[in-house]
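S.K.: how does the following fold in three dimensions:
(one chain, ligands or ions: 2)
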Amino acid sequence: MSGETLQVYFLGTAGALPTTQRNPPCIMIRRGSDTILFDCGEGAQQQMMRSRCGFTVNAIFVTHWHADHFLGIFGLVQTMSFNGRTEPLVIYGPAWIAEFVAILRSVARFNLKFPIEGIELAKGSWVRYDGYTITAFAVNHGLPSLGYILEEDSRPGRFDREQAIALGVPPGPLFGKLQRGETIRVGTGETSHEVRPEQVMGPARPGRKIVYTGDTRAVHHGIRDIAHDADLLIHDATYDESEADRGAEFYHATAAQAGEAATLLNARTLVLIHTSSRYTDAQAHISDAKKTFTGPVLAPNDLDMIEVAFRD
Ligand SMILES: [Zn+2]
Ligand SMILES: [Zn+2]
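M.R.: Numbers count the residues shown, from 1 in each chain. Ligands and ions are numbered 1, 2, ... in the order given. Next up is the predicted model:
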């Protein structure tokens, strides 16, 4: 369905260590009745309670196996069992997913009431959902690490009602047939003729697109083919410019580098997360990113929600 709402909840925006204000990374995406988690840091389930979104998670996509990105899964699985969940939970992630799921099953063995499946993804792997696809791409974090792209299917072009009438199509059910891609026949006798969808439909319009890098140094040209033109680019911005050396050393990005990535990838809006616990606010990060990216820059607080709109 092309008209679904698409909401991004920032349940955790901290980098590495939690603070009193920020939890480790967890991004919840709700599209229609689907709920997907990108990473699941410690305390994610309480953030889900605070956001009043419930626990009906379809799948969790883990970017990499640093503990700040997955510790929340243990508690969440316990609560799901306690609440009587019976539907399978699928956890996707890079190499070591099988070992992780074995540990998770072992920890949860007294109380696990539903199947958990672990599926390993690699650069270019994709998972298909109804109306959208999630694709993995490689990032640069010093260990096997993936970013994820959620991209909706393109939508049909706009229907040109006046043009349809000019071609002799009476308003009514035939409009719907043309909109669904069917060629129709109108008129009778000698005036009978075909009207094809491409005569009355504009070009296909893109769906919405969210790119989440997870932890990484600045993303590079190699992902431009698949990660371009995102409505939201959610990028590692662990450090501000005063700590650029640390970013390079620990395989993280600065906010300015996140801005460069947003420019490179032609993102519509840049979202900075994974802010190091050394900063009390993200104002310097936002200023840094605005020096390298002219579009909107956001540094969400925990529990902030962004609703992603269609471009047209
Ligand atoms: Zn991290
Ligand atoms: Zn990491």
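S.K.: do stretch 214-231 and ligand 2 meet?
M.R.: Yes - using C-beta under 5 Å from the ion, stretch 214-231 reaches ligand 2 at D215. Glycine gets a C-beta too; all of them are placed from N, C-alpha and C.
S.K.: rounded mean pLDDT for that stretch, please.
M.R.: Averaging the model's pLDDT scores along stretch 214-231 yields 90.
S.K.: stretch 283-301 too?
M.R.: Stretch 283-301 carries an average pLDDT of 96.
S.K.: report the separation between the two terminal residues of it.
M.R.: Separation of the first and last residues of stretch 283-301 by C-alpha to C-alpha, to the nearest Å is 12 Å.
S.K.: list the contacts of it.
M.R.: Contacts with stretch 283-301, where a contact means C-beta atoms under 8 Å, 6 or more residues apart in numbering, come from 10, 13, 21-22, 237, 240-242, 254-260, 262-263, 267-273, 275, 279, 282, 306.
S.K.: and the residues you listed, which are buried?
M.R.: Among those, those scoring as buried are 10, 13, 22, 237, 240, 254-260, 262, 267-273, 275, 279, 282, 306 (criterion: 16 or more other C-beta atoms under 10 Å).
S.K.: which of those residues come close to ligand 1?
M.R.: Answer for the buried ones among the contacts of stretch 283-301 near ligand 1: none qualify (C-beta under 5 Å from the ion).
S.K.: mind listing what the one residue in the stretch 201-312 of the chain that gets nearest to ligand 1 touches?
M.R.: Residue nearest to ligand 1 within the stretch 201-312 of the chain: D215 (4.4 Å; C-beta to the ion). Each residue near D215 by C-beta under 8 Å, 6+ apart is listed here: 15, 63-64, 66, 69, 139, 141, 145, 236, 238, 251-252, 274.
S.K.: can you show me the helices along the stretch 51-200 of the chain?
M.R.: Counting by DSSP state H, counting those that start in this stretch, the stretch 51-200 of the chain has helices at residues 72-82, 97-107, 161-166, 173-179, 197-200.
S.K.: list the beta-bridge partners for D34.
M.R.: R31 (DSSP bridges).
S.K.: going forward can the numbers begin at 44, since that is how I track them
M.R.: With the count now opening at 44, the last piece we talked about shows up as D77.
S.K.: how many neighbours does it have?
M.R.: Look at D77: counted by other C-beta atoms under 10 Å, it has 17 neighbours.
S.K.: right, and it touches Y172 too?
M.R.: Yes - in this structure D77 lies within contact range of Y172 using C-beta atoms under 8 Å: 6.4 Å.
S.K.: tally of neighbours for the residue of the stretch 94-243 of the chain found nearest ligand 1?
M.R.: Closest residue of the stretch 94-243 of the chain to ligand 1, C-beta to the ion: D111 (4.3 Å). Look at D111: counted by other C-beta under 10 Å, it has 22 neighbours.
S.K.: and if you look at L60?
M.R.: Per other C-beta under 10 Å, the neighbour tally for L60 reads 12.
S.K.: again, but for D196
M.R.: D196 has 14 neighbours, counted by other C-beta under 10 Å.
S.K.: next helix or strand past the lowest-mean-pLDDT helix or strand in the chain?
M.R.: One helix or strand of the chain scores below all others by mean pLDDT, DSSP states H and E: helix 287-292, with a mean of 87. Downstream of helix 287-292, the first helix or strand assigned by DSSP states H and E is helix 298-307.
S.K.: what is the rounded mean pLDDT of the following helix or strand past that next one?
M.R.: Counting by DSSP H and E, the next helix or strand C-terminal to helix 298-307 is strand 312-316. Taken as a whole, strand 312-316 has a mean pLDDT of 98.
S.K.: again with stretch 73-86
M.R.: Rounded mean pLDDT across stretch 73-86 is 96.
S.K.: pull out the buried positions in that stretch.
M.R.: For stretch 73-86, using 16+ other C-beta under 10 Å, the buried residues are R73, R74, D77, T78, I79, L80, F81, D82, C83, G84, E85, G86.
S.K.: and those residues, which two are furthest apart?
M.R.: R74 and E85 (25.3 Å; C-beta to C-beta).
S.K.: in the protein, what spans have low per-residue confidence?
M.R.: Residue ranges of the chain with pLDDT under 70: 44-46.
S.K.: quick revisit: most tightly surrounded among the helices of the stretch 94-243 of the chain?
M.R.: helix 115-125 (a mean of 20; mean count of other C-beta atoms under 10 Å).
S.K.: quick check, that one touching ligand 1?
M.R.: No - Helix 115-125 does not reach ligand 1 (C-beta under 5 Å from the ion); its nearest approach is 12.5 Å.
S.K.: put the alpha carbons of that helix into PDB.
M.R.: Provided in PDB are the C-alpha atoms of helix 115-125 (Å, rounded to 0.1, in the frame of the first residue of the first chain):
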ATOM      1  CA  GLY A 115      18.300  -4.700  24.700                       C
ATOM      2  CA  ILE A 116      17.300  -7.900  22.800                       C
ATOM      3  CA  PHE A 117      17.600 -10.100  25.900                       C
ATOM      4  CA  GLY A 118      15.200  -8.100  28.000                       C
ATOM      5  CA  LEU A 119      12.800  -7.600  25.100                       C
ATOM      6  CA  VAL A 120      12.600 -11.300  24.400                       C
ATOM      7  CA  GLN A 121      11.900 -12.000  28.000                       C
ATOM      8  CA  THR A 122       9.000  -9.600  28.000                       C
ATOM      9  CA  MET A 123       7.600 -10.800  24.700                       C
ATOM     10  CA  SER A 124       7.500 -14.400  26.200                       C
ATOM     11  CA  PHE A 125       5.900 -13.100  29.400                       C
END
